[in-house]
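Q: would you be able to build a 3D model of this:
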Amino acid sequence: MKRKLDIVGAGKAGKTLARLWAQAGVFEIGCVVNRSIESSQAAVDFIGEGRPAERLSEIGPLDVLLISTSDKRIEECAQSVAQEAKASPDAVAFHCSGSLSSDNLQALQQIGCHIGSVHPIKSFAEPARAVITFDGTFCALEGSKPAINCLRDAVSRIGGHSLEIDKASKVIYHAGSVFASNYLTAMCYAGVCCLEKSGIPYTQAMKILQEIVIGTVGNIFKLGPIPALTGPISRGESEVAQRQLEALAQWRPEISNVYRTAGVLAVDMARAQNGAIDGELEEIKRVLQAASEPAG
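A: As a prediction, this is how the structure comes out:
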C-alpha cells in the first residue's frame, strides 16, 4: 500500500519530486497547500495528482509530509503544521533545503514524526526539464534512521543516488554546490562584463566564453581542479595580476574584489602544481592581499 505524501509549499523542487514520485507510484499525493488556492491548483496540475487545499488543517493525519517552502519559512511552517495536524504511527516529515538541517522540523518531531531532509544536488530552474533529467541525480540525506530509510527508498525509485551527510556540516556542504553552480554563473557574468567593456558585443562575448568554460570544465573533471588551473597566477606572473587588479578597481570594484579573493585561492592551487617559483607566488599573494587592505 502506497504511503500518502502531503506537501506544504510546493515550489520548483517540491513539485518536481512529487511528480516523479507520483509517476513512479512511490507515494499517493494528498493535500498540496501553497500560499493561495490558485497556486496550490497549479502545483497539483503539474504533479498530475493530489488535492489543492487552502488550510493546513485540511491535511489530516500525517503520513509523509514534505515542506518545500523557502528556507526562511520551513521552521515556521513546521510549527504551524504541528499545531493543526496529528501524526500517524511512523509518520515522516522532511524538507528539501540544502543549507538547513532536519533540526528545523523539531516541532513535528514533538508530535511523533521522524524527521529528515533530502537535498537533490540539481538545478530546478525549469521543473518540466528537471523531471526529464532527474535520473542519476545525487541526493544528500540526513535525519533520523527511519526518515533516512524512507527517503533513501523514495529517491532510489525515481533514479536518484542517495548519500548521507554530516548534519553539523550541512551549511558547508551546501556552500560547495553554491560555488560550483551559483558562483560559477556569477564568474561567467563577470567575464562577459569584462569582454563587453573591451568592445566585444554581448552575443559574441557569450560565444567566446562558451568555448573557455566548456574546455575548462572538461579539464577539471578529467584532470582535477589543481592540474586544470592555468593562466597568469599558475605561471607566477605578479605584474599581470597587479595590472588587472588596478584596472578592475577603477572600473568595477566589486569585480576587482572577486578577482582578488579567487586569486588568493588560485595561488594556493598553483603552489600545489609545483610549476611557478614559490617566491613569485608569494609576490602575487602579497599583491592580492594588499589590494584588500584599507589605505592610510
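Q: buried stuff in the longest strand along the chain?
A: What stands out as the longest strand in the chain, according to DSSP state E, is strand 87-95. Neighbour counts over strand 87-95 (16 or more other Cβ atoms under 10 Å) mark 87-88, 91-95 as buried. To be clear about C-beta, it is placed using only N, CA and C from the backbone, and glycine gets the same treatment.
Q: against which helices or strands is it packed?
A: strand 62-67, helix 71-84, helix 106-109, strand 114-120, helix 145-156 (3 or more Cβ pairs under 8 Å, 6 or more residues apart in numbering; DSSP states H and E).
Q: how about 10 Å then?
A: Applying 3 or more Cβ pairs under 10 Å, 6 or more residues apart in numbering; DSSP states H and E, we find strand 87-95 packed against strand 3-8, strand 62-67, helix 71-84, helix 106-109, strand 114-120, strand 138-143, helix 145-156.
Q: got the contact list for residue 220?
A: By Cβ atoms under 10 Å, 6 or more residues apart in numbering, residue 220 lies in contact with 180, 226-229.
Q: who's the closest spatial neighbour of residue 100, skipping the chain neighbours?
A: Leaving aside its chain neighbours, residue 100 sits nearest to residue 71 (5.5 Å; criterion: Cβ to Cβ, 6 or more residues apart in numbering).
Q: select, out of the helices and strands packed on strand 87-95, the one closest to residue 130.
A: Minimum separation from residue 130 across those (Cβ to Cβ) falls at strand 114-120, 8.6 Å.
Q: then whichever helix or strand comes after the closest one to PDB, C-alphas only?
A: Using DSSP states H and E, the helix or strand that follows strand 114-120 towards the C-terminus is helix 127-133. In PDB, the C-alpha atoms belonging to helix 127-133 read as follows (Å, rounded to 0.1, in the frame of the first residue of the first chain):
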ATOM      1  CA  PRO A 127      10.700  21.900 -13.300                       C
ATOM      2  CA  ALA A 128       9.500  20.200 -16.500                       C
ATOM      3  CA  ARG A 129      13.100  19.700 -17.700                       C
ATOM      4  CA  ALA A 130      14.200  18.700 -14.200                       C
ATOM      5  CA  VAL A 131      11.600  15.800 -14.300                       C
ATOM      6  CA  ILE A 132      13.100  14.500 -17.600                       C
ATOM      7  CA  THR A 133      16.700  14.900 -16.400                       C
END
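Q: and the gap between residue 276 and residue 104?
A: 46 Å (Cβ to Cβ, to the nearest Å).
Q: before we move on, what about residue 18?
A: Remark: distance between residue 18 and residue 104 (Cβ to Cβ) = 20 Å.
Q: make JSON lines out of the contacts of residue 220 and add secondary structure, neighbour count and pLDDT.
A: Below are the contacts of residue 220 laid out as JSON lines (DSSP: H, G, I helix; E, B strand; the rest coil; neighbours: other Cβ atoms under 10 Å; pLDDT from 0 to 100):
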{"residue": "180", "secondary structure": "helix", "neighbour count": "13", "pLDDT": "92"}
{"residue": "226", "secondary structure": "helix", "neighbour count": "14", "pLDDT": "97"}
{"residue": "227", "secondary structure": "helix", "neighbour count": "14", "pLDDT": "96"}
{"residue": "228", "secondary structure": "helix", "neighbour count": "18", "pLDDT": "97"}
{"residue": "229", "secondary structure": "coil", "neighbour count": "20", "pLDDT": "96"}
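Q: quick one: which two of these are the most distant?
A: Distances among the contacts of residue 220 were taken as Cβ to Cβ; the most separated pair is 180 and 227, at 17.4 Å.
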